[in-house]
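Colleague: the sequence and its predicted three-dimensional model are supplied below.
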Amino acid sequence: MTSYRVIYAFEGRDEGELTVNENDIIEAHESPEDGWVNATNLSNGSTGFVPENYLEILEPAVPNQGPPPPPPPPPAMPCSPIEHLSVNQQPPQYAPQHEIHSNSGSGNSDFNRNVDQNSSYQDSIPVGADCSSYQNKNLDVNRLDRRASSSYSSGTLRTIGDAYKIDPIKNIVGSTMMGKFKSSGVENFMVGLATGKNMQSGIMYDKMETRVVGDPENCRWEVEDDEIWKVQVIRTLKDDKHNVLFELKADPCLPQRFGMPSEHSIKRKLTDCHWLDKRLRVKYPFIYIPPVSKDDVKGIQLNHWFDYICQHPVIRNSHYMKLFMSITDKQRFREAKRNTEAGKNQDKNLKEEMLLQIKVSTESKINEDLTSVMADIKKSTEDRQLSYAQTTNQFGEFVKNSAACAHNQNMMLHSFQKRMNEFSQEQQKIQVMGSDSMAEAARSTVNDLSKIMENNDEKMTNSSQFTNKHITYSQCTSGSDSTAGWNDEGGYMMDQMIKRYTAINSKKTEQKLNRESFANAKERTKNLIAIHEAEHHHQLKMNNKVIKESMFEYLRLHTRYLETELETYKKMMATFENIQIPESE
């Protein structure tokens with residue numbers, strides 16, 4: 001494990017953050033991710049996350065170093081609690097590696113970077129330029145020409161940006177503040193901090209072109225050369241150490257570009273599925289991915305999770321899905337996982353850099369007043385959430401009440417069965433005037449009542465499991481912070497976008513933002529609205545599909561139980577109809 005010395009005191013304010021003092025020694029558990037280090041403070045044994053730029057790797061002390069510079073701001077922590085960021089945030093204080101030159105006359109700032117003369121950024125595009133003709137001599141030009149740009153038919157987008165001038169919009173919205181909106185990469189993209197600097201990583205990991213197509217009312221995701229397939233849990237196994245393994249197979253088969261045989265299958269532990277879940281969330285925080293089960297030993301919930309994520313065209317075409325489904329050797333799979341997270345080949349094309357590569361068609365963009373459109377989208381998102389939540393909650397209550405009715409019926413049937421058993425014995429003793437035939441009918445009724453109670457037991461079992469299998473898997477029913485559904489996330493994101501765009505618009509009105517910067521910000525906002533709506537429409541489709549399949553499956557099972565119960569009652573009716581009672585004494 002790597003040891004660090006704390007060079008700036010840090011007070012943990014959110015859950016999972018570690019409070020440290022200057023000169024504390026900590027040990028990291030894993031490689032830093034997204035600017036945070038998961039570590040243990042050796043002075044008190046406490047564990048949590050610390051900003052990487054507050055630390056230095058522990059080495060022999062060098063004399064006469066002098067006091068350290070002021071602490072830099074911490075990076076945005078992934079999955080931190082929601083914080084509503086101020087739209088009037090003052091320009092953040094940066095670490096010493098950036099020289100900040102303020103231009104008080106224009107309200108803009110130029111940020112000069114110490115860029116190596118051999119850096120690949122020397123061929124970057126000026127602010128507002130069309131990136132379609134951009135070629136960087138240090139990258140794969142053929143791939144970059146296709147992937148670096150977002151195909152806009154009107155307007156311009158700051159795709160790569162000037163290496164010596166960062167878009168001053170970032171000073172308006174507080175782009176270094178922590179919060180879910182920041183950690184998703186949406187804010188960085190909105191304020192122009194997506195630079196395309198990790199394009200080489202994108203060429204390695206993101207080989208499929210992702211687009212948003214269709215008019216604003218029906219815009220949707222579209223992926224180049226998409227093939228529809230899903231993952232199925234075939235069976236559960238145990239390895240030599242008695243760990244549960246899941247044998248997985250693609251249905252109908254893996255895409256041809258994966259280069260795997262049609263009968264290909266793999267064996268994965270639940271922790272491997274957690275790794276896939278984590279990497280997909282880090283890669284695509286602007287796409288809703290439901291949580292994978294933490295303790296599923298039968299594979300029921302896991303099967304539903306795979307079924308859900310494989311219906312998303314971006315996710316099923318992700319390089320992580322290819323790694324997960326293609327590699328059978330355990331050691332090679334372990335190395336492949338490690339390489340994506342650390343080392344020179346790690347995937348750095350994440351969040352805002354990934355948003356930069358999504359091509360939004362001209363027809364998908366809103367050309368009306370963006371503030372009012374975003375407000376309408378936010379309201380419609382909240383209204384749809386309420387509609388789905390009320391429907392699914394009432395359906396859940398219906399299922400629970402059905403199980404309760406079956407339980408109450410069994411209590412009544414058990415009492416009736418006990419009486420019929422006693423009545424059979426009593427009639428058997430009489431043996432005249434049809435009593436013997438009545439005793440036989442009563443014994444047959446006891447057996448038939450047992451079948452009805454068994455049928456009700458099965459109904460109760462399926463009803464109690466139905467919520468876990470079906471209806472709660474609809475993302476519109478999620479309500480807690482840990483399992484918030486897309487409607488919660490989507491409404492929050494749109495609310496934050498409204499605040500940022502309102503602040504940007506105000507600066508433009510106050511003539512503190514030049515026309516070029518505002519035009520770029522507006523174009524990026526149009527893209528984000530289209531991307532938001534494409535994801536929202538996908539989730540609407542998924543919610544409708546879940547409700548359709550849930551209703552059909554429940555009614556199918558309920559109909560089967562009713563048919564079994566009806567046939568049993570018909571049999572009981574025929575039994576009593578055939579009782580022979582003498583007409584005369």
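Modeller: Alright, I've got the coordinates.
Colleague: what segments of the stretch 151-300 of the chain are strands?
Modeller: With DSSP state E, counting those that start in this stretch applied, the stretch 151-300 of the chain shows strands at 210-213, 220-223, 230-238, 244-251, 265-269, listed in chain order.
Colleague: most tightly surrounded among the ones you listed?
Modeller: Comparing these on average neighbours per residue, with mean count of other Cβ atoms under 10 Å, the densest one is strand 210-213 at a mean of 21. Every residue, glycine included, has its C-beta placed from N, CA and C.
Colleague: show me the contact partners of that strand.
Modeller: With Cβ atoms under 8 Å, 6 or more residues apart in numbering as the test, strand 210-213 has contacts from 219-224, 314, 357-361, 363-364, 530-531, 534.
Colleague: residues contacting residue 299?
Modeller: 233, 235-236, 246.
Colleague: of the residues you listed, closest to residue 371?
Modeller: Proximity of the contacts of residue 299 to residue 371 (Cβ to Cβ) peaks at residue 233, which lies at 46.3 Å.
Colleague: distance of that closest one from residue 26?
Modeller: In this structure, residue 233 and residue 26 are 40 Å apart, going by Cβ to Cβ, to the nearest Å.
Colleague: can I get the contacts of residue 299 in a markdown table including distance to residue 349 and pLDDT?
Modeller: Shown next, in a markdown table, are the contacts of residue 299 (distance: Cβ to Cβ, whole Å; pLDDT from 0 to 100):
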| residue | distance to residue 349 | pLDDT |
| --- | --- | --- |
| 233 | 30 | 92 |
| 235 | 36 | 91 |
| 236 | 35 | 92 |
| 246 | 29 | 94 |
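Colleague: which one among those gets closest to residue 331?
Modeller: Proximity to residue 331 was ranked across the contacts of residue 299 by Cβ to Cβ; first place goes to residue 246, at 19.0 Å.
Colleague: quick one: which of the contacts of residue 299 is nearest residue 558?
Modeller: Residue 558 has its nearest neighbour among the contacts of residue 299 in residue 233, at 26.0 Å by Cβ to Cβ.
Colleague: how far away is the closest one from residue 241?
Modeller: Spatial separation of residue 233 from residue 241 under the definition Cβ to Cβ is 20 Å.
Colleague: with residue 404 instead?
Modeller: Distance from residue 404 to residue 241, by Cβ to Cβ: 43 Å.
Colleague: next: residue 352.
Modeller: For residue 352, the distance to residue 241 equals 41 Å [Cβ to Cβ].
Colleague: quick check on these two: which one has the bigger neighbour count.
Modeller: Counting neighbours by other Cβ atoms under 10 Å for residue 352 and for residue 241 shows that residue 352 has the greater number, 20 against 5.
Colleague: quick one, helices of the stretch 301-450 of the chain?
Modeller: Using DSSP state H, counting those that start in this stretch, the helices found in the stretch 301-450 of the chain span residues 313-316, 319-326, 330-341, 352-357, 370-430, 435-469.
Colleague: the ones you listed: which one's closest to residue 538?
Modeller: Ranking those by proximity to residue 538 (Cβ to Cβ) places helix 313-316 first, at 8.4 Å.
Colleague: would you put the C-alpha positions of that closest one in PDB?
Modeller: The C-alpha atoms that make up helix 313-316 are tabulated as PDB, following Å, rounded to 0.1, in the frame of the first residue of the first chain:
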ATOM      1  CA  PRO A 313     -28.000   0.900 -26.300                       C
ATOM      2  CA  VAL A 314     -25.100   2.800 -24.800                       C
ATOM      3  CA  ILE A 315     -24.500   0.300 -22.000                       C
ATOM      4  CA  ARG A 316     -24.700  -2.900 -24.000                       C
END
